[in-house]
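Asker: 3D model of this:
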Amino acid sequence: MKRLIINIFPLVFLCLGFYSCEKWTEVEADDFELKGNTAEYYANLRLWKATAGDRPVSFGWFGGWNGEGASMASSLAGLPDSLDMVSIWGDWKTLTEARKKDLEYVQKVKGTKVLICSFDGYVGEGVTPDGMAKGSQELYDYWGWDPNATGKNEEPNDAQKAAIAKYARAFYDMVVERGYDGLDIDHEPTVNGVPDDLAESTPRMKVFIQELSKYFGPKSNTGLILAVDGEPQTTLSEVGDCFDWFIVQAYNCSGYTNLNARLTACVNHHASTLTPEEVAKKYIATENFENATNRINGGCDFGQEDGTKTKSYFGMAAWEPLVNGKRYAKGGCGVYHIEYAYSVAGQEGFYPFTRKAIQIMNPANHSGN
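Answerer: You can find the predicted model right below:
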């Protein structure tokens, strides 16, 4: 598959291809001031980031964020310049001065999109005030929620709809107040092992996504991103067009045939609202670097279409989706706990595997042509 290389971005592509720009990143992360000709570089970088969707994007879930310290592994500023989007895994509510500065830097200088990540199991999850336990009457009273007013397979009543609407609005208020770029819903109703009032109810989830789409995603006109990760193939097909991205946990993926099968299932599931091309362009395949073996090797063994072997992170980057005999452009690739491979023994530079994956998806045009 040929990738469109934009002629006006030679500085950006030089940084994509080499580690020489690494020092720029480290310096800028220290003092947050642009010096010399680096202002032009970052301006071009932001323009290139704006082409996300017309090319495959790079993504990561980022944990352990504090925005300060001797190691850049705990700062967003330490991420590769060319990373498109990151989702905060863990505490995203608390914004210290260091975190605020770090967040503002990567957004305004690098053009990186920063999302918050939350489960969606029950009304209030992720945004309920501290101290209110799941399933407690205190929590139900706060949101105005009665889980037994209707069954999980029944249309929610007006009071439940109002509680769901309040829940969706709370996400919006928190994202806007803290200056994030959108919401990443971790939707895993079949694997968490705990009955949920919301995630396991199709009628309730439909209302929830429709309410979220007023504030996030392509239908909102707010510019805020709405992504779903985990099991997009189980997300309601009627509301698939409410999402910007389907982020798939294809952990320990064995090869391209597995990715094609996953994508085909998602295409078939969302056929009522999205074309195969639309599904594929939203589809971001991800590997798991919480796995110690994966993060020191770049993933597990992965079989490519040409018969060669690589590691799964790089295989996802090189993957050219094939659905029912037709090629499609993919959304991109990424990794869970991207920060765990900030430095890797035997590898040069910081985030060596993520930089390589980005380079595979968006090859640098070193001549500027």
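
Asker: and the single longest helix found in the chain, what does it pack onto?
Answerer: Assignment by DSSP state H gives helix 158-178 as the longest helix of the chain. Counting contacts by 3 or more CB pairs under 8 Å, 6 or more residues apart in numbering; DSSP states H and E, helix 158-178 packs against strand 113-119, helix 137-143, strand 182-187, helix 202-212. The way it works is simple: take the backbone N, C-alpha and C, and place the C-beta from them, glycine included.

Asker: Can you give me the separation between residue 104 and residue 227?
Answerer: With distances taken as CB to CB, to the nearest Å, residue 104 is found 21 Å from residue 227.

Asker: more neighbours, the two?
Answerer: residue 227 (26 against 14; other CB atoms under 10 Å).

Asker: Grab the nearest non-local neighbour of that one.
Answerer: Excluding its sequence neighbours, the residue lying closest to residue 227 (CB to CB, 6 or more residues apart in numbering) is residue 245, at 4.0 Å.

Asker: Got the phi and psi for the one you found?
Answerer: Note on residue 245: backbone dihedrals following degrees, to the nearest 10 are phi -140, psi 140.

Asker: Neighbours of it, how many?
Answerer: For residue 245, using other CB under 10 Å, the count is 28.

Asker: which residues touch it?
Answerer: 59, 85, 225-228, 282, 284, 331 (CB atoms under 8 Å, 6 or more residues apart in numbering).

Asker: same thing but at 7 Å, please
Answerer: 227, 282, 284, 331 (CB atoms under 7 Å, 6 or more residues apart in numbering).

Asker: quick one: the residue nearest to residue 172 when sequence neighbours are not counted and residue 175, what's the gap?
Answerer: Nearest residue to residue 172, sequence neighbours excluded (CB to CB, 6+ apart): residue 215, at 3.8 Å. Separation of residue 215 from residue 175 (CB to CB): 8 Å.

Asker: now residue 197
Answerer: From residue 197 to residue 175 the distance is 23 Å (CB to CB).

Asker: C-terminal to the lowest-mean-pLDDT helix or strand in the chain, what's the next element?
Answerer: Lowest mean confidence among the helices and strands of the chain (mean pLDDT, DSSP states H and E): helix 22-31, at a mean of 35. Of the helices and strands lying after helix 22-31 in sequence (DSSP states H and E), the nearest is helix 38-49.

Asker: Can you list the buried residues in that next one?
Answerer: Buried positions in helix 38-49, judged by neighbour count with 16 or more other CB atoms under 10 Å: 38, 41-46, 48-49.

Asker: before we move on, the earlier item: give me the angle between the longest helix of the chain and helix 202-212.
Answerer: 40 degrees (axes from the mean of the first three to the mean of the last three CA atoms, to 10 degrees).

Asker: Next up, the contacts around the residue of the chain positioned farthest from its centre.
Answerer: In terms of distance from the mean C-alpha position of the chain, residue 149 ranks first, at 34.5 Å (CA atoms, centre = their mean). If you count contacts by CB under 7 Å, 6+ apart, residue 149 has them with 157, 159-160.

Asker: where exactly do the helices run in the chain?
Answerer: So, for the chain - with DSSP H - the helices run 10-17, 22-31, 38-49, 97-105, 137-143, 158-178, 202-212, 256-269, 276-282, 292-297, 312-318, 352-361.

Asker: rank the ones you listed by pLDDT, which is bottom?
Answerer: Of all the helices of the chain, mean pLDDT reaches its minimum on helix 22-31 (a mean of 35).

Asker: out of the contacts of residue 149, which is most surrounded?
Answerer: residue 160 (25 neighbours).

Asker: Look up the closest residue to that residue, ignoring the ones flanking it.
Answerer: Using CB to CB, 6+ apart, the closest residue to residue 160 is residue 149 (5.6 Å).
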